[in-house]
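Trainee: need a 3D model of the following:
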Amino acid sequence: MSRAGLYAHIPFCLTRCGYCDFNTYAGLGHLSAPYVEALRGEAALAAASWSDVEFTSVFFGGGTPTTLPADELLRLLGHFRQTYQIDPGAEITSELNPDTVDPVYLRTLLDGGITRLSMGVQSFDPAVLESLERLHSPDSARRAFAAARRAGFANVNVDLIYGAHGESLESWGSTLRDAAELDPEHLSCYALTIEPATPLGRKVAAGLTPAPDPDLQAEMYGLACQVLSAAGYGHYEVSNWARPGFECVHNRGYWEGRPYLGLGAGAHSYRAGRRWWNVRPPQQYMSEVAAGRLPRGGEERLTDDERRLERLLLGLRLSDGVPVAWVDEARAEGFVADGLAERRGERVVLTDRGMLLANELVLALAG
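Mentor: Numbering: from 1, shown residues only. Predicted coordinates:
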């Protein structure tokens, strides 16, 4: 039986941040109950095609899943357990915004089977949070983290973003140290990217806000590698660090090319070289499911060359690297000499410097 991940997309947010290009919506909270019902309906419609799969992870993402009442989120998890073969020891993650949870809510999630939290902190600098249009404060993020610990959560991820307008290397270093001081099991650090269709993208295009400085972002990435390594975190993927044994099972599934089923508006799925995705507008998604149809928005089938390139790209993002047989060995040796890669037995592994240039190196190594 193959192993897979299950993703459920909750598209609702308190507000929509200016940099966000995800399929999320503010002001649609009144649709939450029928949307959850549609998720249950889609799960049932898709079940027959996934009857031979064991799910080793479930991930509630968004959006902000914790805009839903805790008992509603848990009923949804219960439905998934009834509908699919989910490993009893599966990693069950919910993303959260610090301002959407309290101690009672968090304890309810833990008691109901959520085993891991992923907290969108982004920064501990108030000016950077304002630049990112985040509503929470550094103190509210600390309070939410402390509440998660008091509730009993022993596996918490902290998400950070670097390179926002006005953020200095010093400010980023302070955020890293503040995050490490909380002692989460996992940290994700993402470079701010400008998506043209977002409010921030339009401001950058109009010259109202400067684009992130790529050289400064490279320095910030290097600083993250230094600070988090010194704090005892293993750099196991380009943007992810973890205590030993706390690497994200769900996300590793994506990077290792395992199948995944995405439920919800705009969610993506993958299996056996075929990738498909759902329609994005929540109302359209709900209408399709209500009519008894899988809410497909499109699909693609990867060629053998595309699958090979994707496997190489995803594999090199991980600290395990890829077999030497997958790459152009002569070019790999050149990258080793330049300090961008290492040869470990019969595998090629990117260094921290190499991970910063992963996409460029993959195209060269593909031969």
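Trainee: mind listing what residue 177 touches?
Mentor: Contacts for residue 177 (C-beta atoms under 8 Å, 6 or more residues apart in numbering) come out as residue 227. Every C-beta, even on glycine, is put in place using the N, C-alpha and C of the backbone.
Trainee: state the phi and psi torsions of it.
Mentor: Note on residue 177: its backbone torsions stand at phi -70, psi -40 [degrees, to the nearest 10].
Trainee: and the pLDDT for it?
Mentor: pLDDT, residue 177: 98.
Trainee: distance of it from residue 224?
Mentor: Look at residue 177 and residue 224: by C-beta to C-beta, to the nearest Å, they are 11 Å apart.
Trainee: show me what whichever strand or helix holds residue 90 pairs with in its sheet, parallel or antiparallel.
Mentor: Assessed by DSSP states H and E, residue 90 sits inside strand 85-96. Taking DSSP bridges as the criterion, strand 85-96 pairs within the sheet with strand 53-62 (parallel), strand 116-122 (parallel).
Trainee: for residue 277, grab the count of nearby residues.
Mentor: For residue 277, the count of nearby residues is 18 (other C-beta atoms under 10 Å).
Trainee: that older thread, and after the strand holding residue 90, which helix or strand comes next?
Mentor: helix 103-111.
Trainee: just put the strands paired with strand 85-96 in TSV and tack on mean pLDDT.
Mentor: Compiled in TSV, these are given as follows (pLDDT from 0 to 100):
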stretch	mean pLDDT
strand 53-62	97
strand 116-122	98
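Trainee: same list, those, but as JSON lines with mean neighbour count please.
Mentor: Below are the strands paired with strand 85-96 laid out as JSON lines (neighbours: other C-beta atoms under 10 Å):
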{"stretch": "strand 53-62", "mean neighbour count": "23"}
{"stretch": "strand 116-122", "mean neighbour count": "24"}
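Trainee: tell me which of these sits nearest to residue 38.
Mentor: Checking these against residue 38 by C-beta to C-beta gives strand 53-62 as the closest, at 14.8 Å.
Trainee: what's the helix or strand following that closest one in contact with?
Mentor: Where DSSP H and E defines the elements, the next helix or strand beyond strand 53-62 is helix 70-83. Helix 70-83 is contacted from outside by 6, 8, 32-33, 36, 39-40, 43-44, 47, 55, 58, 60, 65-66, 68, 86, 92, 94, 105, 108-109, 112-114, using C-beta under 8 Å, 6+ apart.
Trainee: list the buried residues of stretch 355-367.
Mentor: 355, 356, 358, 361, 362, 365 (16 or more other C-beta atoms under 10 Å).
Trainee: tell me the buried residues in stretch 258-267?
Mentor: Under the neighbour-count criterion of 16+ other C-beta under 10 Å, stretch 258-267 has 258, 259, 260, 261, 262, 263, 264, 265, 266, 267 buried.
Trainee: among these, which two are most distant?
Mentor: 258 and 265 (23.2 Å).
Trainee: the spatially most central residue of the chain in helix, strand or coil?
Mentor: The chain has residue 251 as the residue nearest its centroid, 6.8 Å off, counting by C-alpha atoms, centre = their mean. In the three-state summary, residue 251 is assigned as helix, counting by DSSP: H, G, I helix; E, B strand; the rest coil.
Trainee: shift numbering so it begins at 648
Mentor: Yep, numbering from 648; the last one is residue 898 now.
Trainee: so it makes contact with residue 887?
Mentor: Yes - the criterion here is C-beta atoms under 8 Å, and residue 898 meets it with residue 887 at 7.1 Å.
Trainee: which outside residues touch stretch 678-690?
Mentor: For stretch 678-690, contacts defined as C-beta under 8 Å, 6+ apart pick out 655, 657-659, 714-715, 719, 722-723, 726-727, 730-731, 910-912, 925, 929-930, 932-933, 936-937, 941-942.
Trainee: same question for the top helix by length along the chain: list its buried residues.
Mentor: Ranked by number of residues, the top helix in the chain under DSSP state H is helix 861-877. By neighbour count on 16+ other C-beta under 10 Å, the buried set for helix 861-877 is 864, 867, 868, 870, 871, 872, 874, 875.
Trainee: from residue 906, how far out is residue 925?
Mentor: The spacing between residue 925 and residue 906, counted by C-beta to C-beta, is 16 Å.
Trainee: over to residue 762?
Mentor: For residue 762 relative to residue 906 (C-beta to C-beta), the value is 21 Å.
Trainee: quick one, which of the contacts of helix 717-730 are buried?
Mentor: Neighbour-count burial (16+ other C-beta under 10 Å) applied to those gives 653, 655, 679, 683, 686-687, 690, 702, 705, 707, 712-713, 715, 733, 739, 741, 752, 755-756, 761.
Trainee: how about the helices of the stretch 748-897 of the chain, start to end?
Mentor: With DSSP state H, counting those that start in this stretch as the criterion, the stretch 748-897 of the chain has helices at 750-758, 773-778, 785-798, 816-829, 846-852, 861-877, 896-902.
Trainee: distance to residue 954 for the ones you listed - can I get that in a markdown table?
Mentor: As requested, the helices of the stretch 748-897 of the chain are exported to a markdown table (distance: least, C-beta to C-beta, whole Å):
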| stretch | distance to residue 954 |
| --- | --- |
| helix 750-758 | 37 |
| helix 773-778 | 39 |
| helix 785-798 | 39 |
| helix 816-829 | 36 |
| helix 846-852 | 31 |
| helix 861-877 | 29 |
| helix 896-902 | 14 |
